[in-house]
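Peer 1: Fold the following for me, if possible:
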Amino acid sequence: VQLVESVGGLVQPGGSLRLSCAASVFTFSTYGMSWYRQGPGKERQWVAGISSGSMNTYYADSVKGRFTISRDNVKKTVYLQMNSLEPEDTDVYYCNAGYGSAYRTPRYDYWGQGTQVTVSS
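Peer 2: Got it, this is the predicted structure:
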């Protein structure tokens, strides 16, 4: 399994950023996928999940209405569109296949390198 997140970046509060994650799992289209984030000294938190066919999406309360998860099964890529970013969104973001309720539980112990998102003026 390989999970490769795109480069994040520095954005001002209120700004937007789109993350992508390419997965080298041949059965990508059959797996729910999720985004997670982790700050220094904190546990990794689930952010958003999407079903295999994109029919259902789920969000943590902290990002609901601001973030949108989507996927392209042909490209084996999952996206996270982040709008109205806040300083509290500053974290390293990761993707993983997920299962269980809202696909919160990561399927693989392996994690990619993650991508740093910094929201600051």
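
Peer 1: So for the strand or helix carrying Tyr79, mean pLDDT?
Peer 2: Under the criterion of DSSP states H and E, Tyr79 resides in strand 77-82. Per-residue pLDDT over strand 77-82 has a mean of 97.

Peer 1: Where does pLDDT dip in this protein?
Peer 2: Along the chain, no part satisfies pLDDT under 70.

Peer 1: hey, where'd the strands end up in it?
Peer 2: Ranges of strands in the chain, per DSSP state E, are 3-5, 9-11, 17-23, 32-38, 45-50, 57-59, 67-72, 77-82, 91-99, 105-106, 115-119.

Peer 1: quick one: contacts for Thr90?
Peer 2: 39, 117-120 (Cβ atoms under 8 Å, 6 or more residues apart in numbering). For every residue, glycine as well, the C-beta is placed using N, CA and C.

Peer 1: buried subset of those?
Peer 2: With burial judged by 16 or more other Cβ atoms under 10 Å, the buried subset of those is 117, 119.

Peer 1: Identify the bridge partners of the residue nearest in space to the middle of the chain.
Peer 2: Centrality entry for the chain: nearest residue to the mean C-alpha point is Trp35, 2.4 Å, by Cα atoms, centre = their mean. On the basis of DSSP bridges, Trp35 is bridged to Ala48, Cys95.

Peer 1: Kindly report the same for Phe67.
Peer 2: Assigned bridge partners for Phe67, using DSSP bridges, are Met82.

Peer 1: Quick check: it touching Asn83?
Peer 2: Yes: the pair Phe67 / Asn83 is scored as a contact, 7.2 Å apart, by Cβ atoms under 8 Å.

Peer 1: residues contacting the residue lying closest to Thr30 once chain neighbours are set aside?
Peer 2: Of all residues not flanking Thr30 in the chain, Ser52 sits nearest, at 5.3 Å (Cβ to Cβ, 6 or more residues apart in numbering). Taking Cβ under 8 Å, 6+ apart, we find Ser52 in contact with 29-32, 73.

Peer 1: mind redoing it with 7 Å?
Peer 2: Ser52 makes contacts with 29-32, as judged by Cβ atoms under 7 Å, 6 or more residues apart in numbering.
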